[in-house]
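Colleague: Sharing a model that was predicted from the sequence below.
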Amino acid sequence: MIYPLLWMLASSLKPDNQIFGDLGLWPREFRWDNYTKGWNALPVSFTTFFWNSTVVTVLSVIGNVISCSFAAYAFARLEFSGKTIWFGLMMMTLMIPYHVVLIPQYLLFLQLGWVDTYLPLIVPKFLAGEAFFIFLMIQFFRQLPRELDEAAMIDGCSPFKIYWAIIMPLSLPAMATAAIFSFIWTWEDFLGPLVYLNDQADYTVPLALRSFISSDGVSQYGAMFAMSILSILPILLFFIIFQRLIIRGIAMSGLK
Amino acid sequence: MQKFFARNFAGYAFLTPWLIGFFLLSIGPILASFYLGFTKYNVVRPPQWIGLDNYAYMLQFDQRFWKALQVTFTFVVVSVPLKLIFALGVAMALDKGIRAIGWYRALFYLPSILGGSIAVAILWRQLFNYDGVINSALSLIGIDGPYWLSDPKFSLWTLVVLAVWQFGSPMLIFLAGLRAIPQELYEAAEIDAASPSKKFFAITVPLLAPVIFFNLVLQMIEAFKSFSGAFIISGGTGAPLDSLLFFTVYLYNEAFSFLRMGYASALAWVLLLIIALFTAIAFWTSKYWVHYENERG
């Protein structure tokens, strides 16, 4: 199962001519400089790419968690007219493939002059675009006892106060699950950056990896694998730390 | 009026970000792409209405469209069942309560979580290279492996293997489903000396049917939409000989390489309709094989 991943790790430490056809996992000689070579193999160094990815990912996570929990709170705990209709429409967006909205979204962001900036990658995250997370949080919010809201209401709390002081603190597991998946998906995202970023200095890590293979005559396989390993390192760390939470989140909601 | 406002204010205030997003990024773009599908549009000049020409061309003359459909269907039809069978098999093995089960779950799930990453797609390219690891392993047992990536007969199978390798999330959902099956049923079957296969088909499958159905629909939609793997492994074009021309790859190329935005919008609508159709078929047939416990009859 994880042999391919271990093989990638091993290959990132091998000399280029010992990578292909070598099934063994233990490098005969360690080439740590694959990492430094890979880091600087493109005209722009990976310091920039990692920084770009970090900016996009951190802002996306914040945007997703705030905006999706707002929507989920409205759907799960507040009464207002038209709620069922909006809820139905929200569930409908769960099924719509991104590719259908991709072209008009691109044209919209082009009009706004946002292409070649990070705005098309970040702003939608603040507009509760990820219906999965809304759904996940609604499921969680619904389990919390209603009496909490009612008691707070009698004490004169505003809905915002209830959201902030009661619902949020009690929903940390759901928030964390959404945050973790938001992190992983944004970090891995390829299509979005591929469409919106053209200048290599703006590339996120996945785009940079791709230019690694499309640049002519890749002979630096070790360096390429070294950067591949580094690109998945944040995800691996998240996975190791939050493994239980992730697995529970999957079983609960059916996220991918 | 004031009362109406007071009663609804909080709800709509919290819903505002979503509402903006819904109109600007979901429903607006859906309607826009529907309209663009009837136009010729290259971004530089304004869209030009051509009626059904895009769809007519697609169905009558565009061989790459048919090729993309064929590749995508093959991928969905082969990879989804294989992945689910794998997922169920491993889930049943893990359900037996072996030690260190948490570790196994995590290890089996790891490939799924890295699934969309470009690193894994790059890795796959190298594993299936002619002088790569897969062929070296085959040569150990005396088989001269093919050119997996440059021979159109084989290239799609490398992506099927990649998809099946990422069986982690349906597995976890199966595992949760298996846990919910009452053990007494198996104990009763044991008293009746039922064979393992009898137990599997008479207890496990019927009681797991809702979970199987859920996984099937979810994985099918995912498979129709998959992009990065095919894009990276085929060098962005669907090569060799369009054998990796996934529908999404074709759409991307039409829109962003050739700037045929109108035509690409029509393609996007076809993808939407196909996914809707398949989901509808799945729901329709599910009446005959999925029974929910709290349902009578």
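Modeller: In hand now; what should we look at?
Colleague: And chain B, is stretch A:76-92 touching that?
Modeller: Yes - looking at stretch A:76-92 against chain B by CB under 8 Å from any CB of the partner chain, the contacts come from A:78-81, A:83, A:86, A:89-90. From N, CA and C alone the C-beta is placed, and that goes for glycine too.
Colleague: Do you know the pLDDT at residue 116?
Modeller: No chain in the question, so chain A it is. Note for A:D116: predicted pLDDT of 96.
Colleague: look at chain B instead
Modeller: Per-residue confidence (pLDDT) for B:G116: 80.
Colleague: which residues touch it?
Modeller: The contact partners of B:G116, taken as CB atoms under 8 Å, 6 or more residues apart in numbering or on different chains, are A:185, A:188-190, B:228.
Colleague: Any chance of a PyMOL selection covering the buried ones in the residues of stretch A:76-92 next to chain B?
Modeller: Buried residues within the residues of stretch A:76-92 next to chain B, by 16 or more other CB atoms under 10 Å in any protein chain shown, are selected in PyMOL with:
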select buried, chain A and resi 78+80+83+86+90
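Colleague: before we move on, the earlier item: now, the most widely separated pair of the contacts of B:G116?
Modeller: With CB to CB as the measure, no two of the contacts of B:G116 lie farther apart than A:W185 and B:S228, at 11.9 Å.
Colleague: what about residue 152, which helix or strand?
Modeller: As the question left the chain open, I've gone with chain A. Assigning secondary structure by DSSP states H and E places A:A152 in helix A:146-154.
Colleague: that's the wrong chain, I wanted chain B
Modeller: Using DSSP H and E, B:P152 sits within no helix or strand.
Colleague: Report the separation between it and B:T74.
Modeller: Shown here: B:P152 relative to B:T74, a distance of 12 Å by CB to CB, to the nearest Å.
Colleague: Likewise for B:A239?
Modeller: 17 Å.
Colleague: Please apply the same query to A:L89.
Modeller: To B:T74, A:L89 is 34 Å away according to CB to CB.
Colleague: With A:A72 instead?
Modeller: Applying CB to CB, the value for A:A72 to B:T74 is 39 Å.
Colleague: need the contact list for residue 126.
Modeller: Reading this off chain A. A:63, A:66-67, B:17.
Colleague: Hmm, no, I was thinking of chain B.
Modeller: B:Q126 sits next to A:11, A:19-20, A:221, A:225, B:132-133 when contact means CB under 8 Å, 6+ apart.
Colleague: and the least confident of these?
Modeller: Among these, A:F20 carries the lowest pLDDT, at 78.
Colleague: Looks to me like that one is in a strand.
Modeller: No - in this structure, A:F20 is coil, not part of a strand, as judged by DSSP: H, G, I helix; E, B strand; the rest coil.
Colleague: before we move on, back to that, specify the next element, helix or strand, located C-terminal of the helix holding A:A152.
Modeller: Where DSSP H and E defines the elements, the next helix or strand beyond helix A:146-154 is helix A:159-162.
Colleague: Show me what that following helix is packed against.
Modeller: Helix A:159-162 is packed against helix A:146-154, helix B:2-21, with contacts defined by 3 or more CB pairs under 8 Å, 6 or more residues apart in numbering or on different chains; DSSP states H and E.
Colleague: buried stuff in it?
Modeller: For helix A:159-162, by 16+ other CB under 10 Å, it's A:159, A:162.
Colleague: Averaged pLDDT, that helix. What do you get?
Modeller: Averaged over helix A:159-162, pLDDT sits at 92.
Colleague: which outside residues touch that helix?
Modeller: For helix A:159-162, contacts defined as CB under 8 Å, 6+ apart pick out A:77-78, A:148-149, A:152-153, B:10, B:13-14.
Colleague: Contacts only, for the nearest residue to B:P152 once chain neighbours are set aside.
Modeller: Spatial nearest neighbour of B:P152, excluding adjacent residues (CB to CB, 6 or more residues apart in numbering or on different chains): B:S243 at 3.6 Å. For B:S243, the contacting residues are B:71, B:152-153, B:155-156, by CB under 8 Å, 6+ apart.
Colleague: Just give me the neighbour total for B:T285.
Modeller: B:T285 has 11 neighbours, counted by other CB atoms under 10 Å in any protein chain shown.
Colleague: From chain A, how far out is it?
Modeller: Note on B:T285: its distance to chain A, by CB to the nearest CB, to the nearest Å, is 18 Å.
Colleague: Give me the phi and psi for that residue.
Modeller: phi -70, psi -20 (degrees, to the nearest 10).
Colleague: ok, back up a step: let me have the residues of stretch A:76-92 next to chain B in a markdown table, extended by distance to A:I96.
Modeller: Below are those laid out as a markdown table (distance: CB to CB, whole Å):
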| residue | distance to A:I96 |
| --- | --- |
| A:L78 | 25 |
| A:E79 | 27 |
| A:F80 | 24 |
| A:S81 | 25 |
| A:K83 | 21 |
| A:W86 | 16 |
| A:L89 | 11 |
| A:M90 | 11 |
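Colleague: Chain B: which of the residues of stretch A:76-92 next to chain B is nearest?
Modeller: Of all those, A:F80 has the smallest distance to chain B: 2.9 Å, by CB to the nearest CB.
Colleague: Strands along chain B, start to end?
Modeller: B:39-40, B:48-49 (DSSP state E).
Colleague: no, scratch that, I was asking about the stretch 101-250 of chain A
Modeller: In the stretch 101-250 of chain A, no segments count as strands under DSSP state E, counting those that start in this stretch.
Colleague: residues touching the closest residue to B:Y57 other than its chain neighbours, list them.
Modeller: Nearest residue to B:Y57, sequence neighbours excluded (CB to CB, 6+ apart): B:Y263, at 7.8 Å. The neighbourhood of B:Y263, defined by CB under 8 Å, 6+ apart, consists of B:40, B:54, B:57-58, B:254.
Colleague: how near is the residue lying farthest from the centre of chain A to A:L94?
Modeller: Most distant from the centre of chain A: A:I154, at 39.5 Å, with distances by CA atoms, centre = their mean. From A:I154 over to A:L94 the distance is 36 Å, taken as CB to CB.
Colleague: And for B:N54?
Modeller: Separation of B:N54 from A:L94 (CB to CB): 27 Å.
Colleague: Kindly report the residues of the stretch 51-200 of chain B close to chain A.
Modeller: B:102, B:105-120, B:122-127, B:129, B:131-133, B:135-137, B:165, B:169, B:172-173, B:175-176.
Colleague: can you tell me which of these are in helices?
Modeller: Secondary structure from DSSP state H places B:102, B:105-113, B:118-120, B:122-127, B:133, B:135-137, B:165, B:169, B:172-173, B:175-176 of those in helices.
Colleague: Helices of the stretch 151-256 of chain A, start to end?
Modeller: Listed in chain order, the helices of the stretch 151-256 of chain A (DSSP state H, counting those that start in this stretch) span A:159-162, A:168-170, A:172-188, A:191-196, A:205-214, A:221-253.
Colleague: roughly how far is the fifth one from the heart of the chain?
Modeller: When you say that, I think you mean helix A:205-214. Put simply, helix A:205-214 sits 18 Å off its chain's centre (CA atoms, centre = their mean, to the nearest Å).
Colleague: and if you look at the second one?
Modeller: Distance, stretch centre to chain centre, for helix A:168-170: 22 Å (CA atoms, centre = their mean).
Colleague: Give the other helices and strands that that helix contacts.
Modeller: Using 3+ CB pairs under 8 Å, 6+ apart as the contact test, no helix or strand touches helix A:168-170.
Colleague: Flag every buried residue along that helix.
Modeller: A:L170.
Colleague: Let's test this: mean pLDDT of that helix, rounded?
Modeller: For helix A:168-170, mean pLDDT is 91.
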